[in-house]
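here's my sequence, what's the structure:
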Amino acid sequence: YPNPVSDLLTVALEGLSPTPLQLRLMDTQGRILQEQTFNSTDLLELKVSDYPAGLYFVQILGKDWQVTERVLKE
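Numbers count the residues shown, from 1 in each chain. The predicted structure is shown next:
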């Protein structure tokens, strides 16, 4: 949140396993723009103010699962 976003995107990871997780921000061509590995299930913040307006994808990867959400950058 928020979605659409303009400067800072917050990703809430409530209820996820505290094992190593990977967070990716990707463009519509699948290029990875940001990537982070973390071990907690806290809130994560991604700075997106430097990217042009458009559609992006936030992907969270666990050991044997993944979740992808669309994000609109204003």
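
need the pLDDT of Pro18.
Pro18 is assigned 63 on the pLDDT scale.

number the chain from 44, please
Right, with 44 as the first residue, what we last looked at is Pro61.

any regions of this structure where pLDDT drops low?
Low-confidence segments of the chain, defined by pLDDT under 70, are located at 58-61, 83-84.

tell me the residue in the chain that is farthest from the middle.
Here the centre of the chain is the reference, and by Cα atoms, centre = their mean the most remote residue is Asp107, at 17.7 Å.

which elements pack onto the helix or strand hosting Glu88?
Taking DSSP states H and E as the criterion, Glu88 maps to strand 87-90. Contact analysis of strand 87-90 by 3 or more Cβ pairs under 8 Å, 6 or more residues apart in numbering; DSSP states H and E lists strand 51-54, strand 64-69, strand 75-81 as its packing neighbours. The way it works is simple: take the backbone N, C-alpha and C, and place the C-beta from them, glycine included.

the second one packs against which elements?
By that I understand strand 64-69. So strand 64-69, by 3+ Cβ pairs under 8 Å, 6+ apart, packs with strand 75-81, strand 87-90, strand 97-104.

ok, that strand: who's next to it in the sheet?
strand 75-81 (antiparallel), strand 97-104 (antiparallel) (DSSP bridges).

before we move on, back to that, tell me which of the helices and strands packed on strand 64-69 sits most buried.
Most buried of the helices and strands packed on strand 64-69, by mean neighbour count (mean count of other Cβ atoms under 10 Å): strand 97-104, with a mean of 16.

that older thread, please enumerate residues in contact with the strand holding Glu88?
Residues outside strand 87-90 that contact it (Cβ atoms under 8 Å, 6 or more residues apart in numbering) are 50-54, 56, 66, 68, 77, 79, 81, 101.

direction included, what does that strand pair against?
strand 51-54 (antiparallel).

now the partner strand: buried residues?
Residues of strand 51-54 classed as buried: 52, 54 (neighbour count, 16 or more other Cβ atoms under 10 Å).
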